[in-house]
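K.L.:
whatever this is, show me its structure:
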Amino acid sequence: MPGDDRILTHLNTCPMAQSSDSNTLLDISALTQMKDTRVAIVATEWNDKIVAEQIAGAKRIAAQTGAVIAHEVLVPGSFEIPFACKAIWDNKENLSEAPEAIIAFGAVIRGGTPHFEYVCKAVTEGILQLNLMLPVPVIFGVLTLDTEEQAWERLGGVHGHKGEEAMIAALKMIRMKNEL
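P.N.:
This is a model prediction of the structure:
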């Protein structure tokens, strides 16, 4: 179609959104009353170094706010994340403390096949469905990347720290729900 090349050129040259673009996004001052708030983490074994740093960032924010990582569940890959999130909620009666939010961490890196698109679409739609059906928020912390270098740019580099941001989002959603 005419103009498609201009759109692609624009998308490829536009700077990516950065955490610092929003003054309130990273503000945790209103989250000081979140002591003992329970958050579950579902994380993938795939790309484990990246995912470990996402979890470490979430734990730093939990420590600063007094929130508790009530459960940490590992799954093989991102495709399995929605199932594990739902299983945590479905089995909350068997857990010592039901989570007030669930964070899904993973990293999907583009390869040479369409697998990347299938996995990204499935995990995105799965987490969307969970947010519509569960009474607790499920935070999308799955990095969808072209390269591993992009992961590190999002884990303390120019694009902030997505593990920390996911925990902040979880706590803000819990607070929002409690205020309603």
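
K.L.:
now the one helix or strand Thr144 maps to: average pLDDT?
P.N.:
Taking DSSP states H and E as the criterion, Thr144 maps to strand 138-145. For strand 138-145, the mean pLDDT works out to 97.

K.L.:
which other helices and strands contact it?
P.N.:
If you count contacts as 3 or more C-beta pairs under 8 Å, 6 or more residues apart in numbering; DSSP states H and E, strand 138-145 packs onto helix 48-65, strand 101-109, helix 115-133, helix 148-153, helix 162-179. Quick note: C-beta positions are derived from backbone N, CA and C, even for glycine.

K.L.:
residues touching Leu31, list them.
P.N.:
With contact set as C-beta atoms under 8 Å, 6 or more residues apart in numbering, Leu31 has these partners: 65, 168, 171-172, 175.

K.L.:
by mean pLDDT, flag the weakest helix or strand of this protein.
P.N.:
Every helix and strand in the chain was compared by mean pLDDT, DSSP states H and E; the lowest is helix 4-13, with a mean of 39.

K.L.:
give me the most central residue, this protein.
P.N.:
Gly141 (1.4 Å; C-alpha atoms, centre = their mean).

K.L.:
how close does that one sit to Lys35?
P.N.:
22 Å (C-beta to C-beta, to the nearest Å).

K.L.:
swap in Ala52?
P.N.:
Counting by C-beta to C-beta, the gap from Ala52 to Lys35 is 26 Å.
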